[in-house]
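[1] got a structure for you, letters missing:
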């Protein structure tokens, strides 16, 4: 194999490795829950951003279901939601109290929900 072919092959491999690295970084930024999983803090922060509430708290109530994990989340003082989150970190909520304003909030967890400095 000539030196020219070896350089071209090395360049193709380097470009391929760079493309894979950029794809991995994009996945981590856009959907970090796919890599590290959904947890209480990031889910509560994502719900907080969606509802523009003063505070939110979430507690896992059922896990391991094929459709995703179910969480019980509070927003503010009285709002109560059942949130179902999938492996990609996207979630849908259903209100559990009639006095809750937002009926069906939904959203996805992103890197800023894991690292509050990015908000």
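    Structure's in. What do you need? Since the structure is predicted, the reported quantities are computational estimates derived from the model, not experimental observations. Residues are numbered from 1 along each chain as shown.
[2] what comes up buried for the helix or strand of the chain with the lowest mean pLDDT?
    Within the chain, no helix or strand scores below helix 33-36, which has a mean of 81 by mean pLDDT, DSSP states H and E. Of the residues in helix 33-36, 33-34 count as buried by neighbour count, 16 or more other CB atoms under 10 Å. (Glycine included, C-beta is placed from N, CA and C.)
[3] check stretch 104-119 too.
    Buried residues in stretch 104-119 (16+ other CB under 10 Å): 105, 107-110, 112-114.
[4] from those, which land in helices?
    Members of these lying in helices (criterion: DSSP state H): 112-114.
[5] would you turn these into CSV with pLDDT?
    Listed next are these as CSV, based on pLDDT from 0 to 100:
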residue, pLDDT
112, 83
113, 86
114, 81
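[6] now render these as a markdown table, adding distance to residue 89.
    Output for these, formatted as a markdown table (distance: CB to CB, whole Å):
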| residue | distance to residue 89 |
| --- | --- |
| 112 | 12 |
| 113 | 8 |
| 114 | 10 |
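[7] of these, closest to residue 42?
    Closest approach to residue 42 among these (CB to CB): residue 113, at 4.0 Å.
[8] the closest one: what's it in contact with?
    32, 41-43, 45-46, 49 (CB atoms under 8 Å, 6 or more residues apart in numbering).
[9] by neighbour count, which of those wins?
    Greatest neighbour count in the contacts of residue 113, by other CB atoms under 10 Å, goes to residue 46: 29 neighbours.
[10] which residues in this protein form helices?
    3-30, 33-36, 40-51, 111-114.
[11] on that earlier part again, tabulate the buried residues of stretch 104-119 (a markdown table), appending distance to residue 9.
    Conversion of the buried residues of stretch 104-119 to a markdown table gives the following (distance: CB to CB, whole Å):
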| residue | distance to residue 9 |
| --- | --- |
| 105 | 51 |
| 107 | 44 |
| 108 | 39 |
| 109 | 40 |
| 110 | 37 |
| 112 | 40 |
| 113 | 42 |
| 114 | 38 |
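[12] quick one: which two of those residues are the most distant?
    Maximum pairwise distance in the buried residues of stretch 104-119, criterion CB to CB, is 19.3 Å, between 105 and 114.
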